[in-house]
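>>> okay, predicted coordinates and the sequence, questions at the end:
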Amino acid sequence: MAARETSEIAQRLAHVPLFEGLSADTLVRIVGLAHAKPIESGESFFSEGDQAEAFFVLTSGRVKLTQLTPDGHQVVLRLIGPGDAFGGVGAFGDLTYPVSAEAVEPSVALAWMSTTMRQLLETEPTIAVNAVRFVAGRLHDLQRRYRQAMTERVERRVARALLRLVHDAGRRVEGGVEIKFPVSRQDIAEMTGTTLYTVSRLLSAWEEQGIVRSGRQRIVLTKPHALVAIAEDLPLRKSGS
Amino acid sequence: MLSAMTTSHRVSADDTIEALLTRQPGAARVLIDRGMHCVGCAIAPFETIREACAIYGVSVEELLNALDRPPDAERTATP
């Protein structure tokens, strides 16, 4: 690779999170440790599930990162452009790629083998710090999403409990459908394996959205279908509800 | 409230979904074909056909007409 080309690429690498804070000389050296991999449109750098043995930075072209969903659909998670890194788990080996990386136009990427990266880690501790920071960020993100998923599950559980109560012991009243007998938030908490706090929070939120109206142990579903949509995770239809 | 002064149907728009499904088992197919999730819905005992149509954006008249038709013996469900 011509010296000028190398230093141009090295400059690009400065923006890759893993290489942040490294000197220009180090970056040039790092470029030298990579091999350039060109592929045609439609070809892949790696597939989901492959052993992750290399880490990539795209230097030209465009790549889509895709993943197979549990129900068999291929979804595009991210589009990679020149200067972007991908295949991060391949930087340190031991794992498989969680996504496939397919070129949507003729593309070239610099690839570093995980063995090379591990050696580099020993001489460039900054890379290790960057890696830790990156992983910590991802973990934080995952925890947030997990909390969200758990919250959604609890919401659905409570919605389903209210609907069961209404189905078995409900009646139409002015403005909605009411649970015929007194039911406290504590009762609902026990029925759904959650806390009084959570049930209160949910009922308050739903009340604000006009979905339920609750008084002392009295619960009326004012928008029963909105609750069904929550319970069954349905896309909300026209606002007849 | 619209008066019911149109052709008379097998069922009334003011019947509940549950009553409809009990009296006319073939009605489930008719509802599903229109994207109505009424079968097994907790609210079916309390909701009228008219109300369910409003929720799902289905024409009451069209639905009542469809319910009038005898279930097609040769019709198979779409896969």
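Received, thanks.
>>> what sits against A:Phe92?
A:Ser114, A:Met117, A:Arg118, A:Leu121, A:Ala131 (Cβ atoms under 8 Å, 6 or more residues apart in numbering or on different chains). C-beta coordinates here come from the backbone N, C-alpha and C atoms, glycine included.
>>> in which helix or strand does A:Phe134 reside?
Assignment of secondary structure by DSSP states H and E places A:Phe134 within helix A:125-169.
>>> ok, and what's touching the helix or strand just after that helix?
Scanning forward in sequence from helix A:125-169, with DSSP H and E defining helices and strands, the next element found is strand A:170-173. Where contact means Cβ under 8 Å, 6+ apart, the residues beyond strand A:170-173 that reach it are A:Val177, A:Glu178, A:Ile179, A:Lys180, A:Val220, A:Leu221, B:Pro45, B:Phe46.
>>> what do you get if the cut-off is 7 Å, keeping everything else the same?
Outside of strand A:170-173, the residues within contact range by Cβ atoms under 7 Å, 6 or more residues apart in numbering or on different chains are A:Val177, A:Glu178, A:Ile179, A:Lys180, A:Val220, B:Phe46.
>>> helices or strands up against the helix or strand containing B:Glu62?
Remark: B:Glu62 resides in helix B:60-68, with elements defined by DSSP H and E. Contact analysis of helix B:60-68 by 3 or more Cβ pairs under 7 Å, 6 or more residues apart in numbering or on different chains; DSSP states H and E lists helix B:27-33, helix B:49-56 as its packing neighbours.
>>> looking at those helices, which one is packed in the most?
Between those, helix B:49-56 has the highest mean count of neighbours, a mean of 21, where neighbours are mean count of other Cβ atoms under 10 Å in any protein chain shown.
>>> now it against helix B:60-68, angle please.
Calculated by axes from the mean of the first three to the mean of the last three Cα atoms, to 10 degrees, helix B:49-56 forms an angle of 120 degrees with helix B:60-68.
>>> how far is helix B:49-56 from where the chain is centred?
On the basis of Cα atoms, centre = their mean, to the nearest Å, helix B:49-56 sits 9 Å off its chain's mean C-alpha point.
>>> any part of that helix near chain A?
Yes: remark: helix B:49-56 sits within contact range of chain A at B:Ala54, B:Ile55, B:Tyr56, by Cβ under 7 Å from any Cβ of the partner chain.
>>> reformat these as JSON lines; add pLDDT and distance to A:Glu190.
Rendered in JSON lines, the data for the residues of helix B:49-56 next to chain A read as follows (pLDDT from 0 to 100; distance: Cβ to Cβ, whole Å):
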{"residue": "B:Ala54", "pLDDT": "92", "distance to A:Glu190": "35"}
{"residue": "B:Ile55", "pLDDT": "89", "distance to A:Glu190": "31"}
{"residue": "B:Tyr56", "pLDDT": "91", "distance to A:Glu190": "34"}
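>>> and which of the residues you listed is nearest to A:Gly61?
If you rank those by distance to A:Gly61 using Cβ to Cβ, B:Tyr56 comes first, at 46.6 Å.
>>> go ahead and confirm that closest one touches B:Met36.
Yes: counting by Cβ atoms under 7 Å, B:Tyr56 touches B:Met36, with 4.8 Å between them.
>>> what's the nearest residue to A:Thr59 if we skip its chain neighbours?
Setting aside the residues directly before and after it, A:Thr59 is nearest to A:Val108 in space (Cβ to Cβ, 6 or more residues apart in numbering or on different chains), at 5.1 Å.
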